[in-house]
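> missing the sequence, but the structure's below:
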């Protein structure tokens, strides 16, 4: 009988640990999204030439997110979540690419990154060579 009670207690303990793990995962996911939002808002304010336009855009984005979240929660808004997250993921990729390019540019200006800064194509030389070839065809 005591073995049965020990197994029952162990199963209950493991169930409790599982519930705690799920709560912790939900907390960490929300925390990560919050930190990500802060990073993107900081980048938007840093890149903006006008603080008021960045504040307006950030406020508009947060209000839109709250309205969409509330609508989905209440069940009144039925959107295809697969298409929604595909589109927002694509937008995030472009935003992240812009931040990466700005970071590389800043690192180059600071003198930390000098790799790949040479000219890959000099258009004036290529254009003049093409023009001279057209004007003086090769005599055979």
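Yes, it's here. No experiment lies behind these values; they were computed from the predicted model shown. Residues are numbered from 1 along each chain as shown.
> Just the element for residue 45, please.
helix 2-47 (DSSP states H and E).
> Which elements pack onto that helix?
Here helix 2-47 touches helix 51-74, helix 81-109, going by 3 or more C-beta pairs under 8 Å, 6 or more residues apart in numbering; DSSP states H and E. For glycine as for every other residue, the C-beta is placed from the backbone atoms N, C-alpha and C.
> Please name every helix or strand in contact with the shortest one.
If you count contacts as 3+ C-beta pairs under 8 Å, 6+ apart, helix 51-74 packs onto helix 2-47.
> now the angle between helix 51-74 and the helix it packs on, please.
Helix 2-47 and helix 51-74 meet at an angle of 150 degrees, taking axes from the mean of the first three to the mean of the last three C-alpha atoms, to 10 degrees as the criterion.
> relative to helix 81-109, how tilted is helix 2-47?
Helix 2-47 and helix 81-109 are oriented at 60 degrees to each other (the same axes, to 10 degrees).
> Report the rounded mean pLDDT for stretch 113-133.
Confidence for stretch 113-133, expressed as mean pLDDT, is 63.
> Assign a three-state SS to residue 115, would you?
Under DSSP: H, G, I helix; E, B strand; the rest coil, the three-state class of residue 115 is coil.
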